[in-house]
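Novice: Let me see the structure of the following:
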Amino acid sequence: MSVIFFVLLATASVPDVTAGPGLSEEAKVVEAAIEKVTVFSDRAKVLRRAHVHLDPGIHKLGLPDLPGAVMMNTVRIECNGARAIRVETVPVERERFSIEQVEEQITRLETITDKLSALDRESQVYNLELSFLNGISPRAPVDESKRVGKPLPPVQVDLWKKVLDFLETRKNACRASLRKQALKRRDLQEQFTKVQREVQRHNLGAFTDRKLQVLAIVQVKQAGMVRLDLEYFVPGASWKPAYNIHFDPEQGRVTIKTAGMVRQATGEDWINSAVSLSTAIPGLGIQLPELLTWALGEKREFIPRPQAARMPPAAARFPPPQPQPTPFEAERQARRQVLQGRIAELQRMLSMAVDERTISTLANLDSGGAGYGMAVASSSGRRDYAEQKAERRYRKPSRRARAMPSVSEAEAMPAAPPPMEAMELARPASVSAQPVGSRGRREGRTLATSLGLFEPTYYQPPQFSDANLPAVVAGGLDYVYSCPTRASIPSNGEDLRVPLAAESYPVETFYEATPSLKKTAYLKAKVTNQGERPILQGPANIFVGKDFIGQGQLRTTGKGGVIDLPLGADENIRILHKVVPATVTKGIISKDEITTYTQTIEIGNYKKKAITINVYDQIPKTRNEDIEIEKGSINPKPETGPDEDGIMRFLLRIPPGKIRTIQFSYKIKRPENWQLSQ
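Specialist: As a prediction, this is how the structure comes out:
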């Protein structure tokens, strides 16, 4: 009796909801706008939120269609005020536009093209007539010595004037007709451009898009407002850090404005959403990899295996049932096949350039028709196309059908990328695992191989195509940067700058110079990262005051780390650098040449305040035993060096309007007539 009661109780708690194709038709459509997006280095996590008033009972809710690339195993729903019983995700094909729209656009473009071709033919006739009329002129009289027959009658001036008036009237009529046709052609050309933009906006690559239909079944105990959160991962999104650095020389502070360059082509626009940028690598899995038994030199036991002399025939296997199209779907499929050829013609028409010749045509009306001859010649390609289209109308249907691409080729859509499963420790490809006997729970997983043949395969972290992605430069650490305001990011694959934070730090400024390479002093600043998160590697636009001075590159710096910020060249610090060589020859039998190089560096501070500058220079080094380098006097004494590379660093503090000098020398000794090279 107790068992029967338990079964009845369990049955009563199961909601009476039948899954099937009719579930989507019965579902109540719920609008769920994108509330929050977290962008990673190779994907995004999207949160959609909906608020709906529901009565007590079981409700079937249809949420907005998701892009076809969404990872199905990441779709989940959370309810506040109700209990989520089941979530169904079904891939479906949604029409991007109707077949009637395609037919209408093709018909409009063909009609406009036919009219343009007819206008070009009429213009050709008028141009030929105008050229003929311009070629009519009175013939010069024949010389008496060459004349044969009766003398020519005298020229009748009145009659010739009538002829000229008639010719001029015909010319004016031709020009007026050409002018009218040019205006008509300009209107048709504007219509053609307008329709062309509409067609390009539709992007006739396929009739359908792959979408993911989401259905939720929830149970409500008390009537009220229910909040639904739909969360999923979708590939096709990434971000990179970018910075604007503003240095205020008056206050001695640097403001670092951090932003994220977000790019997404997920198939849906993120409108007015909260955006967060993460350095994490999702999808690494939660399973700990297990070690296999590593057996060296183990002898396998021979286990005999019986073989059958005769086996009964295997049972027949039948393929699973395939969905059959309905009569309505079959009819639309046939219409799609018919439209494939017309779409190919439409794309060919879109590739044809429509020349802007209306203004030049109007300007050349009084030039005797030369400009019209050029216009007609350039439109021959469109007349050829019209003739070819007329010929194709009378082709046999069988030949046309064979020339059409199949619907499967035209509507082939890229499959959704597979979800990233949990990564496991890869096994050696050169070693095969076979049973070796009874070994408890690890039976069948023992590897027997020679130590010399074993090549271990270590765990490989996820590889990214770009070394500047946050998941790479963050060193595997997880940091989240939240945008303080909402943002709208379209799904067009273009970079959009999303502001993240602005932090101001006191700085210690100094100058650096390498006079032997460039006679310019560069301002630098040291900044300590006082924030809670690291500063990731990325490009930086640098401003001093209100002036933009250039671009730099920040290195990844953790909390408490020091950043060296380049702040550009300073023209108010003048540097002079000169080298004076002096060579003497010493020796009686084997003579040597000794050259003394004296280098002088003068640094002038023309600013209104004192500066600190690091000056770098060097003494040459050699690996030739026949060459000797001797260090001479150095004034003032360098702060560091010369090191093993011969580099010295001088630290100078120069008052405003003063000049400081650095002077040092060195000698190079080598055999006579030796030529030094670098």
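
Novice: do you know how far Glu628 is from Pro91?
Specialist: 80 Å (C-beta to C-beta, to the nearest Å). (C-beta placed from N, C-alpha, C; glycine too.)

Novice: just Met72 next, same as before
Specialist: Distance from Met72 to Pro91, by C-beta to C-beta: 8 Å.

Novice: Got the confidence number for the closest residue in space to Pro515 that isn't next to it in sequence?
Specialist: The shortest distance from Pro515 to any non-neighbouring residue, by C-beta to C-beta, 6 or more residues apart in numbering, is to His577 (3.9 Å). The model reports His577 with a pLDDT of 93.

Novice: pLDDT averaged over the strand or helix carrying Leu228 - what is it?
Specialist: Using DSSP states H and E, Leu228 sits in strand 224-235. For strand 224-235, mean pLDDT is 92.

Novice: Val195 should be in a helix, yeah?
Specialist: Yes: read with DSSP: H, G, I helix; E, B strand; the rest coil, Val195 is one of the residues of a helix.

Novice: what about it, how many neighbours?
Specialist: Residue neighbour count, defined by other C-beta atoms under 10 Å, stands at 19 for Val195.

Novice: gap between it and Lys115?
Specialist: 12 Å.

Novice: before we move on, the earlier item: helix or strand for the residue nearest to Pro515, which one?
Specialist: Per DSSP H and E: His577 is located in strand 573-586.

Novice: which other helices and strands contact that strand?
Specialist: When contacts are defined as 3 or more C-beta pairs under 8 Å, 6 or more residues apart in numbering; DSSP states H and E, strand 573-586 sits against strand 508-514, strand 518-528, strand 592-605.

Novice: packing partners for the helix or strand just after the last one?
Specialist: Note on strand 592-605: by DSSP H and E, the next helix or strand toward the C-terminus is strand 611-618. Here strand 611-618 touches strand 508-514, strand 592-605, strand 647-654, strand 659-671, going by 3+ C-beta pairs under 8 Å, 6+ apart.

Novice: Could you dump those strands into CSV and include mean pLDDT, distance to Pro56 and mean neighbour count?
Specialist: What follows is the helices and strands packed on strand 611-618, written out as CSV (pLDDT from 0 to 100; distance: least, C-beta to C-beta, whole Å; neighbours: other C-beta atoms under 10 Å):
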stretch, mean pLDDT, distance to Pro56, mean neighbour count
strand 508-514, 90, 68, 18
strand 592-605, 93, 83, 18
strand 647-654, 94, 80, 17
strand 659-671, 92, 87, 17
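
Novice: Adding distance to Ala280, write those out as JSON lines.
Specialist: Converted to JSON lines, the helices and strands packed on strand 611-618 look like this (distance: least, C-beta to C-beta, whole Å):
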{"stretch": "strand 508-514", "distance to Ala280": "34"}
{"stretch": "strand 592-605", "distance to Ala280": "49"}
{"stretch": "strand 647-654", "distance to Ala280": "41"}
{"stretch": "strand 659-671", "distance to Ala280": "51"}
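
Novice: Glu329: which of those strands is closest?
Specialist: With respect to Glu329, and counting by C-beta to C-beta, the nearest of the helices and strands packed on strand 611-618 is strand 508-514 at 72.9 Å.

Novice: if I read this right, Val70 contacts Ala237, doesn't it?
Specialist: No: counting by C-beta atoms under 8 Å, Val70 stays clear of Ala237, with 11.9 Å between them.

Novice: What are the structural domain limits within the chain?
Specialist: 23-96+208-235, 98-138+159-205+329-413, 237-281+476-570, 573-671 (automatic domain parsing).

Novice: between those, which gets the lowest average pLDDT?
Specialist: domain 98-138+159-205+329-413 - the lowest mean pLDDT of the domains of the chain, at a mean of 65.

Novice: Just want the most central residue of the protein.
Specialist: Nearest residue to the geometric centre of the chain (C-alpha atoms, centre = their mean): Gly493, 5.0 Å.

Novice: mind checking the SS state of the most far-flung residue of the chain relative to its centre?
Specialist: Centroid-distance maximum for the chain: Lys150 at 86.6 Å, with C-alpha atoms, centre = their mean. For Lys150, the secondary structure call by three-state DSSP comes out as coil.

Novice: when you give positions from now on, start the count at 793
Specialist: Understood, numbering begins at 793; the last thing we discussed is Lys942.

Novice: if I look at it, how far off is Ser1425?
Specialist: Lys942 is 119 Å from Ser1425, by C-beta to C-beta.

Novice: Now Val1372: closest residue in space, sequence neighbours ignored.
Specialist: Thr1390 (4.7 Å).

Novice: Likewise for Phe1456?
Specialist: Ile1426 (4.0 Å).

Novice: Going by neighbour count, list what's buried in the helix or strand where that neighbour lies.
Specialist: Using DSSP H and E, Ile1426 maps to strand 1420-1427. Residues Ile1426 are the ones in strand 1420-1427 that count as buried (16 or more other C-beta atoms under 10 Å).

Novice: same thing with stretch 1363-1381?
Specialist: Ile1365, Ile1367, His1369.

Novice: That one: how far from the chain's middle?
Specialist: In terms of C-alpha atoms, centre = their mean, to the nearest Å, the gap separating the centre of stretch 1363-1381 from the centre of its chain is 54 Å.

Novice: which ones are touching Val1447?
Specialist: Not quite, residue 1447 is Pro, not Val. Asn1397, Ala1402 (C-beta atoms under 8 Å, 6 or more residues apart in numbering).

Novice: cool, Pro1027 as well?
Specialist: So, once contact is read as C-beta under 8 Å, 6+ apart, Pro1027 ends up touching Asp834, Arg835, Ala861, Met863, Thr1058, Pro1209.

Novice: Kindly confirm whether my reading is correct that the first one touches Phe1025.
Specialist: If I follow you right, that is Asp834. No: contact criterion C-beta under 8 Å: Asp834 and Phe1025 do not qualify, at 10.2 Å.

Novice: More neighbours: which of these two?
Specialist: Neighbours per residue (other C-beta under 10 Å) separate Asp834 from Phe1025, with Phe1025 holding more: 22 against 19.

Novice: Got phi/psi on the closest residue to that one other than its chain neighbours?
Specialist: Distances taken as C-beta to C-beta, 6+ apart put Thr866 closest to Phe1025, at 4.1 Å, once the chain neighbours are dropped. Phi and psi for Thr866, reported as degrees, to the nearest 10, are phi -100, psi 0.

Novice: Report the separation between Thr866 and Pro856.
Specialist: Taking C-beta to C-beta, one finds Thr866 at 16 Å from Pro856.

Novice: what about the residue nearest to Phe1025, distance to Arg835?
Specialist: 9 Å.

Novice: next one: Ile1037
Specialist: Ile1037 is 30 Å from Arg835, by C-beta to C-beta.

Novice: How about Val867?
Specialist: Using C-beta to C-beta, Val867 is found at 14 Å from Arg835.

Novice: Val1006 too?
Specialist: In terms of C-beta to C-beta, Val1006 sits 18 Å off from Arg835.

Novice: coming back round to it: and the residue nearest to the residue nearest to the centre of the chain when sequence neighbours are not counted, what does it touch?
Specialist: Closest residue to Gly1285 apart from its sequence neighbours, by C-beta to C-beta, 6+ apart: Ala1057 at 4.1 Å. By C-beta under 8 Å, 6+ apart, the residues touching Ala1057 are Gly1028, Ala1029, Ser1283, Asn1284, Gly1285.

Novice: Apart from its chain neighbours, what residue comes closest to His845?
Specialist: Spatially, and ignoring its direct neighbours in sequence, His845 is nearest to Met1017 (5.4 Å; C-beta to C-beta, 6+ apart).

Novice: now Val1376
Specialist: Spatial nearest neighbour of Val1376, excluding adjacent residues (C-beta to C-beta, 6+ apart): Ile1386 at 5.4 Å.
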